[in-house]
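> coords below, sequence missing:
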């Protein structure tokens, strides 16, 4: 049922948005709270982590990215199921996926953004109910893999400065091994390539093999059978041997050493070449023992982010940065299906001089032109006053500035004394380092000085990235260094997916942000919300938030010591405090609250006063533009307007609790 409401006036322009109500409620979301609006793009969003997997019988293909799982039928080519997270718990992002070898279960690895992880287990006969959750305390899951016979499940997490491999006996759901790795670099292949219980990891720096039942690393010479032949191949000479040309981003995605029952020994590899100044994206099939690829697939239009082969080695699937999943025949290279959503990531955004026309860019440059703040040209315009869409961006401009007066911005990777690599945004003054912002987790995609002066600082700037435990977003910064040379954080804008671009409105009271989720978010910077934090330092890398350092006055007043483990605040579990923004917003700076903590295994209670933290600004409007020129415009409160027929992209998600 639809009804028309006048919801608010956009300060950008003298126009009222007439919007239809999706649900007549706002506030907390949780089990039984009613339906919430979802915009269904019918495809896979392209996040920083993505994964795809074939069902063992080859009838289904599942793909995961950001907060959705899509399952397609390989018989009909139709989308068979979409799985969403649960609003009543810490949602996080989905980052890995695997079918059990018997095909009865689909496992989804979830980053809970609080130093923990969860594996969601779905029954594949209906996909209607999640009937099991496997919880852990190490960190976000990067990969999942089953042994050929289903005896073992292996997962890898990234924990602060290293990878941690955890192995379960799948039948008993019991952890049988946990190993730390700091040597192999970023993982490219992680799995059981043959019928033995040998886990193979190929990293950017080296490789490793672990074998049941002790799960200790074994030397290459101790491997046997087809795995021994493969290890000998990659250690005796460069592998893989690619066709003539300059190739980059060479990634071995999947390796099968006799699993298919046909004695096939195959590897699926993707790479990018620069041919005559134009990027060339290819995927190769190699047979063990042969130097040259036996099959080449050329139809992906951008670099491959995830790939897999079917169990019988008849099909391969490649997911590229445009969100397209290509399913193709290994024997012939012929495309069987191409699954794509109705939208693409927004790589550039801009306004015209009136602020009424909002322009976006969705056609990414190739690697030769791709760079910081330069990912796509503006190619479409949405008129906010008439609510019409055109494929003409003339008169609109995106804007960014890496230089301001005597200041310059530059991104770089640095390494600390413990060999941890992280990204740093440097502010240079006349070419000399003046201040810096450190992003310990994730990668910055956008950085610029701003024209906005409402924060009361000179030369404010903004950076867009994934910021570890925070959801992806935009941070506004003061480049003036503190005593340690660090920039001061001014404001935080959470986004739907990693932000690629930002543009200020002509009046500079609004900003538009384009993201990997294919949406543009509009923020009103006059509507900042106060947030809070504890008056002591704490770490979220352990199994629960742990006090790291306490000012003397707080230690004496509140009896809190380093090493204390925080359990709850005002009866709210820490999982909700750090995982649900709406729960955090119930508290305010200056409020005196009760805490429950644990010290040496003993639970005790005390009180503390919350202090002021970074202000937050949430979007007032969100715009989705599809490839077919449909659009949907909606608000946080659940009101929306859309083009004729745009209703088909709008759905409702009813939260039935964590086990539904």
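Alright, I've got the coordinates. Predicted model, so just to flag it, every value in this text is computed and none were measured. Numbering: from 1, shown residues only.
> contacts only, for the residue nearest to residue 56 when sequence neighbours are not counted.
Counting by Cβ to Cβ, 6 or more residues apart in numbering, residue 56 lies nearest to residue 103, which is 4.4 Å off, once chain neighbours are set aside. No exception for glycine: its C-beta is placed from N, CA and C like everyone else's. When contacts are counted by Cβ atoms under 8 Å, 6 or more residues apart in numbering, residue 103 is found next to 55, 56, 57, 124.
> now pLDDT and distance to residue 320 too, for these, in TSV please.
As requested, these are arranged in TSV below (pLDDT from 0 to 100; distance: Cβ to Cβ, whole Å):
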residue	pLDDT	distance to residue 320
55	97	22
56	95	25
57	95	26
124	92	26
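> closest to residue 196 among those residues?
Taking Cβ to Cβ as the measure, residue 196 sits nearest to residue 56 out of the contacts of residue 103, at 18.0 Å.
> for that closest one, what are its contacts?
Counting by Cβ under 8 Å, 6+ apart, the residues that residue 56 touches are 99, 101, 102, 103, 311.
> and it, how far from residue 411?
43 Å (Cβ to Cβ, to the nearest Å).
> so where is the stretch 501-650 of the chain shaky, pLDDT-wise?
Under the criterion of pLDDT under 70, the regions of the stretch 501-650 of the chain flagged as low confidence span 540-544, 579, 581.
> in it, which spans are helices?
Counting by DSSP state H, counting those that start in this stretch, the stretch 501-650 of the chain has helices at residues 552-558, 574-579, 581-584.
> in CSV, list those along with distance to residue 598 and mean neighbour count.
Written out in CSV, the entries for these read as follows (distance: least, Cβ to Cβ, whole Å; neighbours: other Cβ atoms under 10 Å):
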stretch, distance to residue 598, mean neighbour count
helix 552-558, 15, 13
helix 574-579, 11, 19
helix 581-584, 21, 16
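> wait, which of those is closest to residue 200?
It is, among these and with distance given as Cβ to Cβ, helix 574-579, at 33.9 Å.
> just name whatever secondary elements the closest one is in contact with.
Applying 3 or more Cβ pairs under 8 Å, 6 or more residues apart in numbering; DSSP states H and E, one finds that helix 574-579 makes contact with strand 565-569, helix 581-584.
> what is the last one packed up against?
By that I understand helix 581-584. Helices and strands in packing contact with helix 581-584 are listed as helix 574-579; criterion 3+ Cβ pairs under 8 Å, 6+ apart.
> the same query, at a cut-off of 6 Å, please.
The helices and strands touching helix 581-584, judged by 3 or more Cβ pairs under 6 Å, 6 or more residues apart in numbering; DSSP states H and E, number zero.
> also the longest one?
Helices and strands touching strand 565-569, by 3+ Cβ pairs under 6 Å, 6+ apart, are strand 592-599.
> and if we set it to 8 Å?
With contacts defined as 3+ Cβ pairs under 8 Å, 6+ apart, strand 565-569 has these neighbours: strand 546-549, helix 574-579, strand 592-599.
> output the ones you listed as TSV; include the columns distance to residue 186.
Formatted as TSV, the entries for these read as follows, by distance: least, Cβ to Cβ, whole Å:
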stretch	distance to residue 186
strand 546-549	28
helix 574-579	26
strand 592-599	35
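> and the least confident of the contacts of residue 56?
When the contacts of residue 56 are compared by pLDDT, residue 311 scores lowest at 92.
> that residue and residue 108: what is the separation?
As for residue 311, its distance to residue 108 is 19 Å (criterion: Cβ to Cβ).
> which of these two has more neighbours?
Taking other Cβ atoms under 10 Å, residue 311 and residue 108 do not tie; residue 108 has more neighbours (23 against 20).
> wait, doesn't the more buried one sit right on residue 70?
No - distance between residue 108 and residue 70: 11.5 Å, which falls outside the contact criterion (Cβ atoms under 8 Å).
> one step back: closest one to residue 624 among the helices of the stretch 501-650 of the chain?
With respect to residue 624, and counting by Cβ to Cβ, the nearest of the helices of the stretch 501-650 of the chain is helix 581-584 at 21.3 Å.
> report the distance from the closest one to the chain centre.
Relative to the mean C-alpha coordinate of its chain, helix 581-584 is positioned 21 Å out (Cα atoms, centre = their mean, to the nearest Å).
> try stretch 230-238
For stretch 230-238 - counting by Cα atoms, centre = their mean - the centre lies 33 Å from the chain centre.
> return the set of buried residues in that stretch.
230, 231, 233 (16 or more other Cβ atoms under 10 Å).
> same deal with stretch 167-180?
By 16+ other Cβ under 10 Å, the buried positions in stretch 167-180 come out as 167, 168, 170, 176, 177, 179.
> can you put the residues you listed in TSV and add secondary structure?
Compiled in TSV, the buried residues of stretch 167-180 are given as follows (DSSP: H, G, I helix; E, B strand; the rest coil):
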residue	secondary structure
167	strand
168	strand
170	coil
176	strand
177	strand
179	strand
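> so which of the residues you listed comes closest to residue 521?
Of all those, the one sitting nearest residue 521 is residue 168; the distance, using Cβ to Cβ, is 39.1 Å.
> with adjacent residues omitted, what lies nearest to that closest one?
If the residues on either side of it in the chain are set aside, residue 168 comes closest to residue 153, at 4.6 Å by Cβ to Cβ, 6+ apart.
> so the one you found makes contact with residue 172?
No - at 11.0 Å, residue 153 and residue 172 do not qualify as touching, with contact defined as Cβ under 8 Å.
> now the longest helix anywhere in the chain, how far from the chain's geometric center?
Assignment by DSSP state H gives helix 225-236 as the longest helix of the chain. Here the centre of mass of C-alpha atoms in helix 225-236, compared against the chain's by Cα atoms, centre = their mean, lies 34 Å away.
> swap in stretch 64-77?
Distance of stretch 64-77 from the chain centroid (Cα atoms, centre = their mean) equals 17 Å.
> repeat for stretch 57-71
Between the mean C-alpha location of stretch 57-71 and the chain-wide mean there is a distance of 16 Å, by Cα atoms, centre = their mean.
> for stretch 504-515, same thing?
Mean-position distance between stretch 504-515 and its chain equals 23 Å (Cα atoms, centre = their mean).
> now the strands for the stretch 501-650 of the chain?
Counting by DSSP state E, counting those that start in this stretch, the stretch 501-650 of the chain has these strands, from start to end: 510-515, 519-524, 532-533, 537-539, 546-549, 565-569, 572-573, 592-599, 602-609, 611-612, 619-625, 631-634, 639-642, 650-654.
> now these in TSV, with distance to residue 270 and mean neighbour count?
TSV is the format used below for the strands of the stretch 501-650 of the chain (distance: least, Cβ to Cβ, whole Å; neighbours: other Cβ under 10 Å):
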stretch	distance to residue 270	mean neighbour count
strand 510-515	25	26
strand 519-524	28	24
strand 532-533	43	16
strand 537-539	37	15
strand 546-549	41	16
strand 565-569	44	19
strand 572-573	42	16
strand 592-599	47	16
strand 602-609	51	13
strand 611-612	48	13
strand 619-625	29	23
strand 631-634	33	22
strand 639-642	37	22
strand 650-654	33	14
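> what's near enough to touch the closest residue to residue 375 other than its chain neighbours?
Nearest residue to residue 375, sequence neighbours excluded (Cβ to Cβ, 6+ apart): residue 347, at 3.7 Å. Taking Cβ under 8 Å, 6+ apart as the definition of contact, the neighbours of residue 347 are 361, 362, 363, 364, 375, 376, 500, 501, 514.
> distance of the fifth one from residue 63?
Spelled out, it's residue 375. When distances are taken as Cβ to Cβ, residue 375 and residue 63 turn out to be 23 Å apart.
> over to residue 334?
In this structure, residue 334 and residue 63 are separated by 21 Å, where distance is defined by Cβ to Cβ.
> of those two, which one has the most company?
Neighbours were counted for residue 334 and for residue 63 using other Cβ under 10 Å; residue 63 has more, 25 against 10.
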